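Chemist: Next comes the sequence, and after it the predicted model I'd like to discuss.
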Amino acid sequence: MGRLTWAWERDLSLFWPKEWLPLEPELGDARIFSFGYDANFTKSTQDTLNIKAFAEQLLNAMTFGRGEYEDWDIGKVPIIFVVHSMGGLVFKKAYNLGAIDEKFSAMTDTIRGVVFLATPHQGSNLADVLKKFLATFMQTPKQYINELRHNSEALVGINEQYVQHARNMHLASFRETQATSIRGIKTHRRRVIKDFVKLVTSKAAISISRRPSTVQSFESIRKRLSGLIDTPERYKADLERVSQLYVPGSCDWILDDLHFRGWLSDDSLEPSILKLSGSPGSGKSVMAGFLVTHLEEIQKNVQYFVFRYNEEAKRSIAVCLKMLAYQIALCMPEYRRKILPLLEDKNALARNDARGVWQRAFVNILAKMDLDEPLFWVIDAVDECESAQILLNLLPALKEQSIPVKIIFLTRPQASLSAFERLRYKFGSDFRQTEVVPTREGQKLFIEQELEGAYGEWPQNFVNNVKDDLLRKSKGNFLWLTLVTEELRRCATEKPLEEVLSQPPEDLVGVYSRIVNSIAKTYSEGELQTAKRILIWITCAESQLSLGELEEVLSPELTALNIKRTIHRLCGDLFLSVMMTPA
């Protein structure tokens, strides 16, 4: 019943009672606890431990356990147990003890049901195999191994008492039908447990074709879903990486933003969109990670994707859609049941066919499901995908088919303006937009965190000057701050530190190079010449030019009536600060 037992290949990131069950709409408000006991038969200590001892540990943990900040109050609301293998025997023994001990009876009375997974109710002939195995290595078998022998006196007593005490309990029993093999020794399972059948026949007993060692895993589901995404972990890693840059408190302002609050608090099942734009390096990706975490914490059904310009697969819209479908399938059994047959046809979800994936995985399936609450999508760096226009042009189907999906797009302000405008027209009041505006306080928190302890032996006034320089030169650019503070931590003397502060980081040059390339691919030849003139004048000027000065040097092509609009449209992502400079 411990975490490692329920995690595939003992990987705690796959501990499904914690990672998956809270995402189920029917279980989202339930409290979930796990109980583990040390049943390692290879240890030479604690030979006297038996099923009763484990059962008493369980009862005491439930009765007297408490969290870090509050009592668990187990026994005040209905309880359902899910038990695996020997854990089922421990549960039955604990229930029997609780029924006759007034110290525990009030709590055990609140147990309404139990799901047994591969529980050896009558014992197992594997117990004899284990006894011989341990004897070979001069170890004394544990008491509970003796109790696990087929039809042992202990098990007969547990079952007889449980049948008497649990007559009104809801029960389901899943039992395996395949033989278990240990180095050539096969043990065949009975399909009906005679001494237990009186209880089970009035409940639910289900045979599943699994070996007991794999009953608890969802690997078969994950393997079949790999037809959507081969290695989903590589796509999750991007968000996990930027989440590590988050400084507590730096993103909280979005929770008070009126547009975000309107998007989130809308109780209708109508699809809606929030466009969250920000200049390059303003912290959009960190904000994306914060939003995913926040939505998960308030029990929303969240899916996400992060586009990345420098990787072909992560630029792909089809891959984005399949990753979203994969995440939906993991947490929604009904959707999973409907999409798995589709994966049997290798051509049904062709790798680069975004429109085909959208039609088959979303319009044909999701639109036909009766969802009680919306899905929440967080899609970061839309401006880095292969064609934001193709992606955005798919979304009116959400409105037409009334598919309850609420989407946050994080993007540069000038990326795909016309496509977003068409989307705003289609969605009307269900389309909102706001900006990621880095706060000075957020930048100070980031600088303090990144440089904490880096210059402990340096004069405090010098360190303060470095921090002030960072704050002044960053101009709200979190990417610049991230790259520069990373280089600063490697500086051991004052001179290289000053050089770092005076030169742009190489990685930042790459970001702006991509923006320039994007301009080159987007506009006509005449517009490119205009953009080129604007770029030359702004970057080569000895001091920042005002709009009036730009109008003078760029006339007669540009006039006071359209100069601001033209700069904003052609070069806005590079020179947003120019828009704030008065004429």
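Modeler: The structure has been received and is ready for your questions.
Chemist: What strand or helix carries E240?
Modeler: According to DSSP states H and E, E240 maps onto helix 232-243.
Chemist: can you pull the buried residues of that helix?
Modeler: For helix 232-243, a neighbour-count test (16 or more other C-beta atoms under 10 Å) marks P232, Y235, K236, D238, L239, V242 as buried. Every residue, glycine included, has its C-beta placed from N, CA and C.
Chemist: Need the phi and psi values for the nearest residue to the fourth one once chain neighbours are set aside.
Modeler: Same thing as D238. In this structure, D238 finds its nearest non-sequential neighbour in V306, 4.1 Å apart by C-beta to C-beta, 6 or more residues apart in numbering. Torsion angles at V306 (phi, psi; degrees, to the nearest 10) stand at phi -120, psi 120.
Chemist: V306: how many residues sit nearby?
Modeler: 25 (other C-beta atoms under 10 Å).
Chemist: what number of residues lie near M107?
Modeler: There are 16 residues near M107, going by other C-beta under 10 Å.
Chemist: Of the buried residues of helix 232-243, which pair is most distant in space?
Modeler: Based on C-beta to C-beta, the longest span within the buried residues of helix 232-243 runs between P232 and V242 and measures 17.3 Å.
Chemist: for K406, helix, strand, or coil?
Modeler: strand (DSSP: H, G, I helix; E, B strand; the rest coil).
Chemist: So it versus V292, what's the distance?
Modeler: To V292, K406 is 13 Å away according to C-beta to C-beta, to the nearest Å.
Chemist: So the residue nearest to D238 is in contact with C385, correct?
Modeler: No: contact criterion C-beta atoms under 8 Å: V306 and C385 do not qualify, at 10.2 Å.
Chemist: What are the neighbouring residues in contact with S277?
Modeler: Residues near S277 by C-beta atoms under 8 Å, 6 or more residues apart in numbering: L410, T411, R412, P413, A415, Q433, T434, E435, V436.
Chemist: what pLDDT does the third one get?
Modeler: So that's R412. R412 is assigned a predicted lDDT (pLDDT) of 81.
Chemist: Make sure it is actually in contact with D383.
Modeler: Yes: using C-beta under 8 Å, R412 makes contact with D383 at a distance of 4.6 Å.
Chemist: Summarise which helices and strands the strand or helix carrying L550 is packed against.
Modeler: Under the criterion of DSSP H and E, L550 resides in helix 547-554. Counting contacts by 3 or more C-beta pairs under 8 Å, 6 or more residues apart in numbering; DSSP states H and E, helix 547-554 packs against helix 525-540, helix 563-571.
Chemist: buried residues in it?
Modeler: Neighbour count says helix 547-554 has L547, L550, E551, L554 buried, by 16+ other C-beta under 10 Å.
Chemist: and the residues you listed as a markdown table, adding distance to E270 and pLDDT?
Modeler: Converted to a markdown table, those look like this (distance: C-beta to C-beta, whole Å; pLDDT from 0 to 100):
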| residue | distance to E270 | pLDDT |
| --- | --- | --- |
| L547 | 41 | 71 |
| L550 | 44 | 75 |
| E551 | 45 | 73 |
| L554 | 45 | 73 |
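Chemist: Export those as TSV, with columns for distance to F427.
Modeler: What follows is these, written out as TSV (distance: C-beta to C-beta, whole Å):
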residue	distance to F427
L547	33
L550	35
E551	36
L554	37
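Chemist: one step back: check which helices and strands the helix holding E240 sits against.
Modeler: Contact here means 3+ C-beta pairs under 8 Å, 6+ apart; on that basis helix 232-243 packs against helix 284-297, strand 301-306, helix 317-331.
Chemist: any idea which of the helices and strands packed on helix 547-554 scores lowest on pLDDT?
Modeler: When I compare those, helix 563-571 is least confident, with a mean of 66.
Chemist: Which residues are in contact with the closest residue to P396 other than its chain neighbours?
Modeler: Closest residue to P396 apart from its sequence neighbours, by C-beta to C-beta, 6+ apart: K426 at 4.5 Å. By C-beta under 8 Å, 6+ apart, the residues touching K426 are L395, P396, K399.
Chemist: Tell me the one of the buried residues of helix 547-554 nearest I74?
Modeler: Among the buried residues of helix 547-554, L547 lies closest to I74 (C-beta to C-beta), at 66.9 Å.
Chemist: Please determine how far that closest one is located from L528.
Modeler: 21 Å.
Chemist: now do E486
Modeler: 35 Å.
Chemist: The closest residue to P232 other than its chain neighbours and A367, how far apart?
Modeler: Distance criterion C-beta to C-beta, 6+ apart; nearest residue to P232, sequence neighbours excluded, is Y326 at 5.8 Å. When C-beta to C-beta is the yardstick, Y326 and A367 sit 18 Å from each other.
Chemist: Of those two, which one has the most company?
Modeler: Y326 (21 against 15).
Chemist: my guess is that one meets L225, correct?
Modeler: Yes: the criterion here is C-beta under 8 Å, and Y326 meets it with L225 at 5.7 Å.
Chemist: what are the ranges of the helices in the stretch 301-450 of the chain?
Modeler: Under the criterion DSSP state H, counting those that start in this stretch, the stretch 301-450 of the chain contains helices at 312-315, 317-331, 333-343, 354-357, 388-394, 396-401, 417-427, 440-451.
Chemist: Which helix or strand in the chain has the lowest average pLDDT?
Modeler: Least confident element among the helices and strands of the chain, by mean pLDDT, DSSP states H and E: strand 185-187 (a mean of 41).
Chemist: From P413, how far out is the residue nearest to P396?
Modeler: 20 Å.
Chemist: what about the stretch 451-583 of the chain, any weak spots by pLDDT?
Modeler: 452-458, 475-481, 489, 492, 504-523, 556-565, 567-583 (pLDDT under 70).
Chemist: Could you rerun that using 50?
Modeler: By pLDDT under 50, the low-scoring segments of the stretch 451-583 of the chain are 560-561, 576-583.
Chemist: tally of neighbours for T539?
Modeler: The number of residues packed near T539 is 9, by other C-beta under 10 Å.
Chemist: Over to C385?
Modeler: C385 has 26 nearby residues by other C-beta under 10 Å.
Chemist: Now for it: which residues touch it?
Modeler: Contacts for C385 (C-beta under 8 Å, 6+ apart) come out as F307, R315, S316, I317, C320, L391.
Chemist: what ranges do the strands span in the stretch 351-500 of the chain?
Modeler: 375-380, 405-411, 431-435 (DSSP state E, counting those that start in this stretch).
Chemist: Could you tell me the angle between the longest one and strand 301-306?
Modeler: Angular relation of strand 405-411 and strand 301-306 on a 0 to 180 degree scale: 30 degrees, by axes from the mean of the first three to the mean of the last three C-alpha atoms, to 10 degrees.
Chemist: Show me what strand 405-411 packs onto, helices and strands only.
Modeler: helix 258-265, strand 272-277, helix 284-297, strand 375-380.
Chemist: ok, now how distant is F376 from H294?
Modeler: 10 Å.
Chemist: Could you check which of these two is surrounded by more residues?
Modeler: Shown here are F376 and H294; by other C-beta under 10 Å, F376 has more neighbours (22 against 17).
Chemist: got the contact list for that one?
Modeler: Per C-beta under 8 Å, 6+ apart, neighbours of F376: L295, K300, N301, V302, Q303, V405, K406, I407, I408.
Chemist: Recalculate using a threshold of 10 Å.
Modeler: 263-264, 291-292, 295-296, 298, 300-304, 404-408 (C-beta atoms under 10 Å, 6 or more residues apart in numbering).
Chemist: go on, L239?
Modeler: Contacts of L239 (C-beta under 10 Å, 6+ apart): S285, V286, A288, G289, V292, T293, Y304, F305, V306, V378, D380.
Chemist: Would you mind putting those into TSV with distance to D469 and pLDDT alongside?
Modeler: Converted to TSV, the contacts of L239 look like this (distance: C-beta to C-beta, whole Å; pLDDT from 0 to 100):
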residue	distance to D469	pLDDT
S285	25	86
V286	22	87
A288	29	92
G289	27	91
V292	33	92
T293	32	88
Y304	35	94
F305	36	94
V306	31	91
V378	34	96
D380	30	93
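Chemist: Quick one, which of those residues are buried?
Modeler: Among the contacts of L239, those classed as buried by 16+ other C-beta under 10 Å are S285, V286, A288, G289, V292, Y304, F305, V306, V378, D380.
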